[in-house]
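Engineer: Pasted the sequence and its predicted model underneath.
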Amino acid sequence: MQGDALLEQIWSGAIEARTADNMSPLARLLGALLTVPMVTLVSRSEVTRPFAMMETDELLPDAPLGDVLAEELGLEVPRDALVLIEPVGFADARSFSGRALGEELGRILNQVATSSPDPVGNGSTLCGAGDKAQRPTMRALTRDVARILPDAERSARQEEILAR
């Protein structure tokens, strides 16, 4: 479960925040595509792929990720922020192949758009009804993903046609 592993990493000191001028290519691209605020964390543990969670996702009952990060790491996490957690290898890379970057970006956007991780098992999803407090975030993310994905699909289609 991502939430349990993330809590363990936070408590063991394996998580650190990255500033805007120190972000990876993946974090810069994701931040440019989405209109919601973003916080970037780096994991120095066994995490092998980047993943994202909303700051409102509960790691423990009544303990949303944003509050945990504020309490444990002293971070100011904006309301409705997307929190990107990257392994140190991704975070320290200065460049990626277009394919690797596109695959990770697509996977994270799909993850965020279809089902925000729900570590305590409340069954919430970003695309579901959700509570009223999360609706503005869901609308913003849905708008962002809708704006991005058709262009990506169109680009893939154009490349496929040109390759013939």
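Structural biologist: All right, it came through fine. Numbering: from 1, shown residues only.
Engineer: residues in contact with L69?
Structural biologist: By C-beta atoms under 8 Å, 6 or more residues apart in numbering, the contact set of L69 is 10, 39, 41, 55, 75, 77, 83. Placement of C-beta: from N, CA and C, glycine included.
Engineer: sorry, that was for F90
Structural biologist: Taking C-beta under 8 Å, 6+ apart, one finds 24, 26, 49-50, 104 in contact with F90.
Engineer: Ok, E76 next?
Structural biologist: A70.
Engineer: Could you report the pLDDT at it?
Structural biologist: Note on E76: pLDDT of 92.
Engineer: ok so, going back, can you lay out the contacts of F90 as TSV showing pLDDT, distance to A14 and neighbour count?
Structural biologist: Below are these laid out as TSV (pLDDT from 0 to 100; distance: C-beta to C-beta, whole Å; neighbours: other C-beta atoms under 10 Å):
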residue	pLDDT	distance to A14	neighbour count
S24	86	17	24
L26	88	19	21
R49	89	16	12
P50	90	15	25
E104	89	20	20
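Engineer: residues in contact with S43?
Structural biologist: Going by C-beta under 8 Å, 6+ apart, S43 touches 9, 14-15, 85-88.
Engineer: Please report phi then psi for it.
Structural biologist: The phi and psi values for S43, taken as degrees, to the nearest 10, are phi -110, psi 130.
Engineer: Also P37?
Structural biologist: With angles defined as degrees, to the nearest 10, P37 sits at phi -60, psi 160.
Engineer: that older thread, quick check, nearest of the contacts of F90 to E71?
Structural biologist: Minimum distance to E71 across the contacts of F90 is 23.5 Å, recorded for P50 (C-beta to C-beta).
Engineer: now that we're looking at that closest one, how far away is D80 from it?
Structural biologist: Plainly put, P50 is 20 Å away from D80 if you go by C-beta to C-beta, to the nearest Å.
Engineer: again with V39
Structural biologist: Going from V39 to D80 by C-beta to C-beta gives 11 Å.
Engineer: For the two, indicate the residue with more neighbours.
Structural biologist: Just comparing V39 and D80: by other C-beta atoms under 10 Å the higher neighbour count belongs to V39, 23 against 18.
Engineer: for this protein, which spans come out with low pLDDT?
Structural biologist: 1, 94-95, 115-164 (pLDDT under 70).
Engineer: how about 90 then?
Structural biologist: Applying pLDDT under 90 to the chain flags residues 1-8, 18-36, 44-49, 54, 57-62, 80, 88-164.
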